[in-house]
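[1] Got a sequence here, can you build the structure:
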Amino acid sequence: METARVEEVVADFVSLKRAGSSLQGLCPFHDEKTPSFSVSPSKNIFKCFGCGRAGDSVGFVMEHEQLSFVEALRYLADKYNITIQERKLTPNEIEEMDRADSLHAMLHFASNYYQRALLKSQEGRAIGLSYFKERGLLDHVVEAFQLGYSGADENLAGQLRQMGYDEDLLREAGLINKNGRDFFRNRVIFPIHNLSGKAIALAGRILGQQGGPKYLNSPESAIYIKNKVLYGMHLAKSHIRKLDKCYLVEGYTDVISLHQNEIKNVVASSGTSLTPRQVSLMKRFSQNVTLLYDGDAAGIKAAQRGIELMLEADLNVYIVLFPEGKDPDSYVREVGHSAFKKFIDENEKDFILFQADLQLKEVHSDPIKKAGFVTSMIKTIAFIEDAVKRSAYVQELSLLSQMSEQVIMTELVKEVKKRQWEKRKQSATRKNDEEAAHVSQNVVPKYDDLHVKERDVLRILMHGGDKELPKLAGISVRDFILEQLKDVPEFLDPLYNKFFQVVLQSTDEPWEPGLLRNHEDETIRKLAISLMTESIEISENWEKKWDIHLQTQAQPEENYYLDSLQATLRLKLDRVQLISKENIEILGTLTTEEEINKHLEIQHRLSQMMQELAEQLRAIVLT
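    Presented below is the predicted three-dimensional model:
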């Protein structure tokens, strides 16, 4: 999959900026405020220096979209228009599929099923499509959002059973009710998609005066975690990145109507309170978020916690309130694109200043209310992490309240310290679990020097195993290293040894790092990527301990002969020293003269070997 450039694949999900020869952005796998996620186009790999995740384009899609290796390959094949040979799966094969793969396949089938019912069936066109037409939606928008319809007599569940899916999967996907019948009936259907555009859940809106809740939603599943999803983000992400602005609305139809009116950088929280994960999702694509809400004060109050999360995440938060009784959907349909956009531009306000104006109206000249107003605003400003921004808002608050900046700043510092203390207490309770999780995510633990030297050799192999060495008549780095280590058949670290054995078994073919980067064994794949994300250099510790310095070039990546030679000599010296130590321990337990003399002779030969290796390394070894 060399065609699948990692920077292109990652850019579909993360806003990347140039940083030297690499690209950087906010990690999509953990919450962070400062970018630690790096993409190397030259190596075609990514690595997060915060959480440790690393990989190539296939690995990124697997991790981000929770796909299997095969599903990730299919995703990339679709993206790059690469034809792959597939056949229809048998019911038995479907039963053996990974649960997540099965759920993806079922939701994909269900969304297509309901869209066909909307566009092709008489009932669907008369009821479902008429509803969307009444709301002014055009055919291409209906198709873009894969809108559908479920009538009273649908039999989606029956078709899925015939395809081999069991009751547990149907129930987990939210496609059947407790009686085994179709879950969605007499409703228009809004599929919910992940970032790559795959259907992962459904929402159904009831029509007319029929009983039941207005909306029914799929339950959470292995592929659908509600607090991580924003409706419409799969279509909005590129527009948000390009315009550096994200509009946040409440409902599905708000997103769809604005999209149709060429305002495509819009997503919805789907009527639920905003979560930290959803905030992080928006932040990946832009630092600027504008809330498009109706004029209902209760709605703004309900959204307060989500706004605090955005401020805490260092987002720039703005708000636009629509005329009473209007929401983004109804207002854009009433006034059209141009007037709607003009209204937003003229009425967009910084949220903190908007909140201040709103509260100040109730203060009048009452000093008690004024103190309460200032205290309330201080609590909001304290959510902002950036000290410069906080200072700017303090100045504005001082002007509005006619209160001393110093007094406000003193109280703000107290509130910030209080909040930091509360966060530390909360994080302390999770510390052990987080550390355990972090350790479990790391492929390679930190070992002592014995294992570090083995890793050095593997790292050089991954970076330059195919490079030819002019000093040695064009022999490759891989072949040179293996020749140097012909007396070292195994590595001591189990994972490094497994990796080394794969290298040994591939000597009949030209060296290809992709063999290991795309290996069927996940631990081999992850180690290969981890090795490729590290620079090839001699550590400061080695320079101090062994007086080893690069002699010919400042760039160790280009000095493969010297690095390979020194790395293999260090590893061999390390192994001889280990054998010597074991031999000395054995000598201390011997009692017969014959055995003692035998091991003394072994020790003498080992000392000679260490001395020879040390001389080659220009190091002093105490024997």
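[2] Now do the SS call for V9.
    helix (DSSP: H, G, I helix; E, B strand; the rest coil).
[3] any idea how far the nearest residue to it once chain neighbours are set aside is from D12?
    Spatial nearest neighbour of V9, chain neighbours left out: S57 (4.3 Å); criterion: C-beta to C-beta, 6 or more residues apart in numbering. Where C-beta positions appear, they are placed from N, C-alpha and C, glycine not excepted. S57 sits 10 Å away from D12, going by C-beta to C-beta, to the nearest Å.
[4] Which one's more surrounded, the two?
    S57 (25 against 17; other C-beta atoms under 10 Å).
[5] Could you check the pLDDT of the more buried one?
    pLDDT, the model's per-residue confidence, is 88 for S57.
[6] wait, what's in contact with it?
    1, 4-6, 8-10, 44, 76 (C-beta atoms under 8 Å, 6 or more residues apart in numbering).
[7] change it to 7 Å
    1, 4-6, 9, 76 (C-beta atoms under 7 Å, 6 or more residues apart in numbering).
[8] and which of these is nearest I256?
    Within the contacts of S57, the smallest distance to I256 is 27.4 Å, found for V9 (C-beta to C-beta).
[9] Do I have it right that the closest one meets V61?
    Yes: between V9 and V61 there is a contact under C-beta atoms under 7 Å: 6.5 Å.
[10] so which of the contacts of S57 is the most crowded?
    V9 (26 neighbours).
[11] What segments of the stretch 301-450 of the chain are strands?
    316-321, 349-350 (DSSP state E, counting those that start in this stretch).
[12] With respect to K453, which of these lies nearest?
    strand 316-321 (49.2 Å).
[13] In terms of secondary structure, what does the closest one contact?
    Here strand 316-321 touches strand 288-293, helix 304-312, strand 349-350, helix 351-360, going by 3 or more C-beta pairs under 7 Å, 6 or more residues apart in numbering; DSSP states H and E.
[14] Paired strands for that strand, with orientation please.
    Strand 316-321 pairs in its sheet with strand 288-293 (parallel), strand 349-350 (antiparallel), by DSSP bridges.
[15] Out of these, which is the most enclosed?
    Mean neighbours per residue, mean count of other C-beta atoms under 10 Å, is largest over the strands paired with strand 316-321 for strand 288-293, with a mean of 22.
[16] Show residues contacting that one.
    By C-beta under 7 Å, 6+ apart, strand 288-293 touches 244-249, 282, 299-300, 303, 310, 315-321, 328, 348.
[17] of those, buried ones?
    Applying 16 or more other C-beta atoms under 10 Å to the contacts of strand 288-293, the neighbour count classes 245-249, 282, 300, 303, 310, 315-321, 328, 348 as buried.
[18] pLDDT-wise, which helix or strand of the protein ranks last?
    The weakest-scoring helix or strand in the chain, judged by mean pLDDT, DSSP states H and E, is helix 540-546 (a mean of 43).
[19] which regions of the protein sit below the pLDDT cut-off?
    1-2, 66-68, 84-98, 209, 271, 295-299, 301-302, 425-450, 534-559, 618-623 (pLDDT under 70).
[20] hey, what's the nearest residue to M310 once chain neighbours are set aside bridged with?
    Counting by C-beta to C-beta, 6+ apart, M310 lies nearest to V317, which is 5.0 Å off, once chain neighbours are set aside. Counting by DSSP bridges, V317 forms beta bridges with V289.
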